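Student: fold the following and give me the result.
(chains A, B, C and D)
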There are 2 protein chains.
Amino acid sequence: MGQKRVTIRDIAKMAKVSHMTVSRALNNDPRIREETKKRILELVDKLNYRPDARARTFVSKKSNLIGLVVSDISNPFYAELARGIEDKAHEEGYNVIFCSTDNKPERMETYVHLMMDAGVDAFIFASTRIREPVVEKLIDERFPLVLVNRRLRGEAFNYVVLNNIRGAYEITEHLINLGYRRIAIITGTSNMSTGLDRLKGYQQALKDSRIEFSENYVIQGPFTRGTGYEGTKHLLTMKNRPEAIFGGNDYIAMGVIDAVEELGLHIPEDIALVGFDDTEFASNQRIRLTTVSQRKYEMGNLGVQILIDYIERKETDYTHKIILEPRLIIRESCGQKLREKRKNKLTRGSKVESFSSFDRT
Amino acid sequence: MGQKRVTIRDIAKMAKVSHMTVSRALNNDPRIREETKKRILELVDKLNYRPDARARTFVSKKSNLIGLVVSDISNPFYAELARGIEDKAHEEGYNVIFCSTDNKPERMETYVHLMMDAGVDAFIFASTRIREPVVEKLIDERFPLVLVNRRLRGEAFNYVVLNNIRGAYEITEHLINLGYRRIAIITGTSNMSTGLDRLKGYQQALKDSRIEFSENYVIQGPFTRGTGYEGTKHLLTMKNRPEAIFGGNDYIAMGVIDAVEELGLHIPEDIALVGFDDTEFASNQRIRLTTVSQRKYEMGNLGVQILIDYIERKETDYTHKIILEPRLIIRESCGQKLREKRKNKLTRGSKVESFSSFDRT
DNA sequence: CTGAAAGCGCTTACAG
DNA sequence: CTGAAAGCGCTTACAG
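Tutor: As a prediction, the model looks like this:
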């Protein structure tokens, strides 16, 4: 650290050329004689020269830094998404800086500024609310960004999201086909597109099967284990308690299991359960949670691809809109007992992609 | 994006001062009249001026960027560690860029260079092997860095790690106290300090209880669910099969559960199980895995603190060495049946900190 | 308290 | 194919 760093001027002096020529050798510029280039690169190697990234970034106006904004990086869902983002970013020579907002608007603002100060070339937002002034402002300014997982209102942005309505519809329909009628949902709040859309899908499925929708069977809160736990404690003390619970994500479902086990009840005999996301937890053989697969890794990967396309082609319109289709992962947590008891005919239509499947990653 | 960005020179012109004075106003330099400062800052606000971070970084030689190197950010253990790192870093005005090496030496090298090119001020390594040439070279050059979770050989670096030997010792001892004698271990390979130390602790505990150590009861591999799964399939087909399995981390334990359930056996009646790390999975009421608590969040937090202290005090020696003490989290996965059956006297000494505790996070 | 000068280490744009 | 000039937007160090 003590000694002065080697610059292109030092190399130039030793090679008896101008520093400009060294710069050319370093940047694969064709306007240089092969021989000169070779001589310079040998010197570069010998002196262990490394270009000053800060200077480069400064003059080229490109940091090759992508800012990733999630609600919580320690949530396995976002961690896996981050991995998908990271891998593609590195492949393209970009680095990723991240931050966790805990869904707090003020942290969203602070962090966006902090990342701007770090000089990011672009943003990936994975946890926006339906309205997010800071992000909407960036969009107005045409700052390169892509939304992943959750969407804002409107369509004026690039995004990669899951078809959450469809996913929720199908998993609810699956419960209905198994014979359940009193189906509760514990899901995210309606200021997030994911919370909202999953509720919509659930409602639509009930409607299409002419099952009456009841506000009493809807519990909304943050997508956390605690929400599932508290919600279940409440639901199970109702006079007309539900036969099945749809946890809006696997985290919530985990909390449902906590509560059910604590009460000494059994899944699916006493209460059926399904989740959403298909985390590692869900696939454990002791848990076997029926859930909806999200392809988080791919979602992150695609997000970066779109972003880089957008940056490098210097586009200004929003033509990258990807909606991934969900896949039902059927395991034992939603049970069959009721189906057998009631011999409900609706079941014949239910497609079982894999029963008790065990996808290790 | 189209319009030219506002610079301090623009502000200077409008305020009829030199750009130097604007710089002072921006940097809380006391050598400026309050009145001038106020006038300038108003202009700054009005023109929506934001300093060019790239230029600042370039001249000040500080990027306020920390590079985090883990084996896999999508592993919940590292994700939580990352959160601890992120929070402290942001508090101190730093950003964090991360990469996942999958424990591959060549990726370690590639990514370290990529991050150097991004201009990081310092590194946090969470997944080094016992020998890691790239990292050892950085240490030789006195580049600011801290090791977290895993250590290199020797002592010539700053670190924050868990006392893994002690953790493994205590959890093995706990199994012994419950009456188990044939205890197998499935853990990480010995080229990682964590894998090595947990094996050491296990061996020492057996030795202190005069239980014969058998190579046949040791399975090593990556710290993954697959290792636990395959290992268990193997162990359970042995003629003298173990009564208990110590999974080197909760991921491995998860794989053990997969295998045990698949074989239609029960935990802890047929085979007792303990893990290591205390992940969310372990605390689920359906799993109730006895494990060792790691304080990952705190580990990350401390790592950053050490690092910033090191950077800002421009130290060159290694005086920051923190060894966190483990805490046994006792749940039902290791059972009591054997204890009751055998009425083993050894049990009286076992301290039970919490039985079936349920720490939601 | 204020400013003119120099420079950080590169790249861009132009001239030969 | 090579180079001299200019400049990116700031800060550091010095002079007033």
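
Student: point out the residues in the stretch 51-200 of chain A that sit beside DNA strand D.
Tutor: Within the stretch 51-200 of chain A, the positions near DNA strand D by CB under 7 Å from any atom of the strand are A:58-59. All C-beta atoms are positioned from the backbone trio N, CA, C, and that covers glycine.

Student: tell me the residues of the stretch 51-200 of chain A that contact DNA strand C?
Tutor: A:51-52, A:55-56, A:58-60.

Student: narrow these to those in helices?
Tutor: A:55-56, A:58-60 (DSSP state H).

Student: hang on, the earlier thing: just the buried residues of the residues of the stretch 51-200 of chain A next to DNA strand C.
Tutor: Using 16 or more other CB atoms under 10 Å in any protein chain shown as the burial test, these include A:51-52, A:55-56, A:58 as buried.

Student: now render these as TSV, adding distance to chain B.
Tutor: Formatted as TSV, these follow (distance: CB to the nearest CB, whole Å):
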residue	distance to chain B
A:51	8
A:52	8
A:55	6
A:56	9
A:58	4
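
Student: check what pLDDT the residue lying closest to residue A:166 once chain neighbours are set aside gets.
Tutor: Computed as CB to CB, 6 or more residues apart in numbering or on different chains, the closest residue to residue A:166 that is not its neighbour in sequence is residue A:326, at 5.8 Å. On pLDDT, residue A:326 comes in at 96.

Student: give me the distance between stretch A:210-221 and the centre of its chain.
Tutor: Computed by CA atoms, centre = their mean, to the nearest Å, the chain-centroid distance of stretch A:210-221 equals 27 Å.

Student: and it, anywhere near chain B?
Tutor: No. Stretch A:210-221 lies apart from chain B when judged by CB under 8 Å from any CB of the partner chain; the minimum separation is 13.4 Å.

Student: do a quick rundown of the helices in the stretch 251-361 of chain A.
Tutor: Ranges of helices in the stretch 251-361 of chain A, per DSSP state H, counting those that start in this stretch, are A:280-283, A:296-312, A:337-342.

Student: and the longest one, what other elements does it pack with?
Tutor: Helix A:296-312 sits against helix A:76-91, strand A:122-125, strand A:145-148, strand A:159-162, strand A:321-324, with contacts defined as 3 or more CB pairs under 8 Å, 6 or more residues apart in numbering or on different chains; DSSP states H and E.

Student: and that helix, does that touch DNA strand C?
Tutor: No. Helix A:296-312 is not in contact with DNA strand C by CB under 7 Å from any atom of the strand; minimum separation 13.5 Å.

Student: mean confidence score for that helix?
Tutor: 92.

Student: just give the nearest non-adjacent residue to residue A:208, would you?
Tutor: Using CB to CB, 6+ apart, the nearest residue to residue A:208 is residue A:173, at 7.6 Å.

Student: tally up the residues packed near residue A:48, please.
Tutor: 7 (other CB atoms under 10 Å in any protein chain shown).

Student: residue ranges with poor pLDDT in the stretch 1-150 of chain A?
Tutor: For the stretch 1-150 of chain A, applying pLDDT under 70 flags the ranges A:1-4.

Student: how about the helices in it?
Tutor: Remark: helices assigned in the stretch 1-150 of chain A by DSSP H, counting those that start in this stretch are A:8-15, A:19-26, A:34-46, A:53-60, A:76-91, A:105-117, A:133-140.
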